[in-house]
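Colleague: Structure for the following, please:
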Amino acid sequence: MNALTHSLGHIGRIGIWAANFDHLSAQEVREAAAAVEDLGFGTLWFPETTGREAMTQAAILLAATRHITVASGMTDIYARDPVTAAAAQRTLEEAFPGRFLLGLWESHPSLAQDIRGHRFGPAPVAMRAYLDALDSAPFGPPGTAGSPHRVLAALDPDMLALAAERTEGATVLGMPVEYTRAARTALGDGFLAVTQLCVLGDDGGHDHADHADTADTADTADLARTTAEAALPNRRGLLRGLGYENPDALDGRLVDALVAHGRAEDIAHRVQEHFDAGADHVSLHLVTTAPGSPSVRQWERIAAHLPLRPGGHAPAFAASTFD
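Modeller: Numbering: from 1, shown residues only. Now for the predicted structure:
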């Protein structure tokens with residue numbers, strides 16, 4: 001157990017990456033968060049792009065749940081100055097001790113410059129300066145200190161190296177299992193969370209009318225390919241380094257590597273593969289045919305094949321749990 005999993009006791013080994021929460025109402029978000037907790041997932045992750053402000057969203061999710069860890073997995077460093085970010089993190093730590101994890105993201109030029117009006121700088125340089133300012137930030141609730149509960153949203157080797165040097169670890173979004181092995185090597189003993197892109201198909205034996213957000217076999221393959229295509233822009237070079245020589249061809253091997261698709265058992269098996277490759281935690285990013293609706297029914301189906309403890313704390317378990 002590394003330092004982060006020890007200090008955040010409820011982080012568990014499996015979580016949900018809720019990428020579609022900005023499409024939902026606040027009440028739907030509260031209900032979905034409670035459902036994730038009741039199913040036994042250890043952490044609820046969410047990104048920050050152009051929807052709700054991350055720290056406010058975290059407060060909504062923490063208030064709607066009892067013990068699950070809430071992680072702002074892609075908190076845009078151009079969305080707030082580091083003094084404000086430090087004060088916000090300390091405020092959440094004070095109100096919900098040991099339940100909030102701050103994941104920092106270097107943003108994207110179009111978001112930072114065109115939308116937010118900032119000058120976008122080289123990612124490692126900008127992130128290092130932001131971390132320096134976080135460490136020295138003077139503001140926060142009385143009697144609170146700077147929280148060590150930080151990770152970086154990292155893909156490139158230089159960002160993984162910075163995560164190992166300056167934070168408790170990294171979260172890697174949407175990469176094949178082979179890259180989990182490389183990230184583990186780069187982080188050493190640091191915390192490694194990976195986010196697996198998923199498309200859940202019809203397992204058979206289900207009334208399809210009751211699973212309107214579930215794709216049939218052909219639609220599952222099409223949605224998996226579309227999801228893989230959307231992931232390519234920031235990953236082409238890394239994928240070539242893993243032996244996928246022509247990522248833009250999106251052959252079946254690459255689609256399968258990027259997106260776990262098919263039955264719930266297939267997705268559970270991919271979770272195990274990431275654990276075998278060195279991940280400490282795996283979050284599931286479910287892509288559905290109904291992004292404007294909560295994915296509770298799909299989470300329930302996958303949870304039935306995972307070592308979770310519904311209604312209670314996510315248990316610690318050995319890497320061979322699925323064997």
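Colleague: In contact with the nearest residue to E265 once chain neighbours are set aside, which residues?
Modeller: Once flanking residues are discounted, E265 sits nearest to H305: 5.4 Å by Cβ to Cβ, 6 or more residues apart in numbering. Placement of C-beta: from N, CA and C, glycine included. Applying Cβ atoms under 8 Å, 6 or more residues apart in numbering to H305 gives the contacts A264, E265, I267, A268.
Colleague: Next: R225.
Modeller: L250, V255.
Colleague: Buried subset of the contacts of H305, written for ChimeraX?
Modeller: Per 16 or more other Cβ atoms under 10 Å, the buried members of the contacts of H305 correspond to this ChimeraX selection:
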select :264,267,268
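Colleague: which among the contacts of H305 gets closest to Y244?
Modeller: Distance to Y244, by Cβ to Cβ, is smallest for I267 among those, at 21.2 Å.
Colleague: Within its sheet, name the partner strands of the longest strand seen in the chain and how each one runs.
Modeller: In the chain, taking DSSP state E as the definition, the longest strand is strand 191-200. Strand 191-200 pairs in its sheet with strand 169-173 (parallel), strand 259-262 (parallel), strand 281-286 (parallel), by DSSP bridges.
Colleague: what would these look like in TSV with mean neighbour count?
Modeller: What follows is the strands paired with strand 191-200, written out as TSV (neighbours: other Cβ atoms under 10 Å):
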stretch	mean neighbour count
strand 169-173	26
strand 259-262	25
strand 281-286	24
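Colleague: Low-confidence bits of the protein, can you list those?
Modeller: Scanning the chain for pLDDT under 70 picks out 1, 3, 5-9, 146, 203-216, 311-323.
Colleague: now the helices: where do they sit in it?
Modeller: For the chain, helices defined by DSSP state H occupy the ranges 3-7, 26-39, 54-63, 82-95, 109, 123-136, 157-166, 177-187, 217-231, 236-241, 252-258, 264-276, 296-303.
Colleague: What are the buried residues along the second one?
Modeller: It stands for helix 26-39. Buried residues in helix 26-39, counted by 16+ other Cβ under 10 Å: E28, V29, R30, A32, A33, A34, A35, V36, E37, D38, L39.
Colleague: show me what contacts the residue lying closest to the second one once chain neighbours are set aside?
Modeller: The reference is to V29. Take V29 and drop its neighbours on the chain: the residue closest to it by Cβ to Cβ, 6+ apart is F21, 5.1 Å away. By Cβ under 8 Å, 6+ apart, the contact set of F21 is V29, A32, F46, G51, R52, Q57.
Colleague: Count the residues that sit near the nearest residue to T49 once chain neighbours are set aside.
Modeller: The shortest distance from T49 to any residue other than its chain neighbours is 6.9 Å, reached at L111 (Cβ to Cβ, 6+ apart). Residues lying near L111 (other Cβ atoms under 10 Å) number 18.
Colleague: same thing with L238?
Modeller: Neighbours of L238 (other Cβ under 10 Å): 18.
Colleague: quick one, what contacts it?
Modeller: By Cβ under 8 Å, 6+ apart, the contact set of L238 is L155, D156, M175, Y179.
Colleague: ok, now A59?
Modeller: Neighbouring residues of A59 by Cβ under 8 Å, 6+ apart: L92, A95.
Colleague: mind checking how far H281 is from V70?
Modeller: Distance, H281 to V70, by Cβ to Cβ, to the nearest Å: 14 Å.
Colleague: Ok, H269 next?
Modeller: Taking Cβ to Cβ, one finds H269 at 27 Å from V70.
Colleague: Which members of the contacts of F21 are the farthest-apart pair?
Modeller: The span of these, defined through Cβ to Cβ, is set by A32 and G51 at 14.3 Å.
Colleague: what's the neighbour count on G237?
Modeller: Quick note: G237 (other Cβ under 10 Å) scores 10 neighbours.
Colleague: Which one of the contacts of H305 is nearest to A126?
Modeller: I267 (34.9 Å).
Colleague: Show me what the residue nearest to the closest one when sequence neighbours are not counted bridges to in the sheet.
Modeller: The shortest distance from I267 to any non-neighbouring residue, by Cβ to Cβ, 6+ apart, is to A260 (4.7 Å). With DSSP bridges as the criterion, A260 is bridged to C198.
Colleague: returning to what we had before: so which of H269 and V70 has more stuff around it?
Modeller: A direct count of neighbours by other Cβ under 10 Å for H269 and V70 places V70 higher, at 29 against 14.
Colleague: List the contacts of the more buried one.
Modeller: Here V70 is in contact with A33, T43, L44, F46, A58, L61, L62, F96, R99, F100, L101 (Cβ under 8 Å, 6+ apart).
Colleague: for the third one, what are its contacts?
Modeller: If I follow you right, that is L44. By Cβ under 8 Å, 6+ apart, the contact set of L44 is G15, I16, A18, A33, V36, E37, L61, T65, I68, T69, V70, A71.
Colleague: The first one contacts L284, doesn't it?
Modeller: Right, G15. Yes. Using Cβ atoms under 8 Å, G15 makes contact with L284 at a distance of 7.4 Å.
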